[in-house]
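Colleague: here is the input, now give the coordinates:
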Amino acid sequence: MKAYLSNSAGDTRAQGASMAKNLVGKEIILLHGNLGAGKTEFMKGLVNFLNSRQKVTSPTFVLHKIYSTKKFPIHHFDFYRLGKKVNIENIGLQEALTEKKRVIAIEWPEKILSLKKILPKKTIDIFFEHGKEENLRTIKIAR
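Modeller: Predicted structure coming up:
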C-alpha cells in the first residue's frame with residue numbers, strides 16, 4: 001500500500017491526476033473515507049486529467065454520473081445515502097460493469113453489503129483520512 005500526504009484540495013486533485021495517467025479503462029476504484037476527506041476532489045483530478053470538459057461534482061443525490069473522456073467513460077457512483085440492503089440493480093452499476101472499456105469509481109462502497117459479490121476481485125482501494133490540521137489528508141492506495 002502506498003501512502004501520500006495531501007496538504008490541500010489541489011494536492012488531492014494532483015493525486016487523482018497522477019492515477020489517471022496509468023488507467024487503461026478496466027479499473028474499478030473504491031473510495032473510502034469520511035465526509036470531506038477528499039474523495040470527490042480526487043475524482044476531479046482524475047476526470048480533468050483525462051480531458052473531460054464536464055464539471056465534476058459528488059453524485060450523492062443522483063447516485064451515478066458518467067463523465068465522457070477521450071479514452072473511455074468514467075462512471076462515478078456515490079452510495080452515501082443508500083441503505084445496506086438496497087437493490088443496486090437499478091442504479092447503472094450492472095450496466096457499467098459490462099462495458100468493455102470504462103473506469104468505475106465508487107464512493108462509500110461499504111454502504112452496500114453485497115457489492116463485493118458483484119465486483120471483480122481486483123479493485124483499487126483508496127483510503128482518505130483526515131489529518132491533525134484542517135487541510136491535511138493521508139491518501140493510501142492499495143492495488
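Colleague: please enumerate the helices of the chain.
Modeller: 9-20, 39-49, 93-98, 115-118 (DSSP state H).
Colleague: His76 is nearest to which of those?
Modeller: helix 39-49 (5.9 Å; CB to CB). For every residue, glycine as well, the C-beta is placed using N, CA and C.
Colleague: which strands or helices does that closest one pack on?
Modeller: helix 9-20, strand 28-33, strand 74-78, strand 103-107, strand 124-130 (3 or more CB pairs under 8 Å, 6 or more residues apart in numbering; DSSP states H and E).
Colleague: and the angle from the fourth one to helix 39-49?
Modeller: Orientation of strand 103-107 against helix 39-49 (axes from the mean of the first three to the mean of the last three CA atoms, to 10 degrees) gives an angle of 160 degrees.
Colleague: ok, back up a step: which one of the helices and strands packed on helix 39-49 lies nearest to Val47?
Modeller: Val47 lies closest to strand 74-78 among the helices and strands packed on helix 39-49, at 5.7 Å (CB to CB).
Colleague: shaky segments in the protein?
Modeller: 83-90 (pLDDT under 70).
Colleague: beta partners of the spatially most central residue of the chain?
Modeller: Central residue of the chain (CA atoms, centre = their mean): Ala105, 3.4 Å from the mean position. Counting by DSSP bridges, Ala105 forms beta bridges with Ile29, His76.
Colleague: one more: Lys2?
Modeller: Under the criterion used here (DSSP bridges), Lys2 is bridged to Ile141.
Colleague: verify the contact between it and Lys140 for me.
Modeller: Yes. Using CB atoms under 8 Å, Lys2 is in contact with Lys140, at 7.1 Å.
Colleague: looking at these two now, which is surrounded by more residues?
Modeller: Lys140 (15 against 9; other CB atoms under 10 Å).
Colleague: and for the more buried one, nearest residue in space, chain neighbours not counted?
Modeller: Of all residues not flanking Lys140 in the chain, Phe127 sits nearest, at 4.4 Å (CB to CB, 6 or more residues apart in numbering).
Colleague: pretty sure that neighbour contacts Leu30?
Modeller: No. Between Phe127 and Leu30 there is no contact under CB under 8 Å: 9.3 Å.
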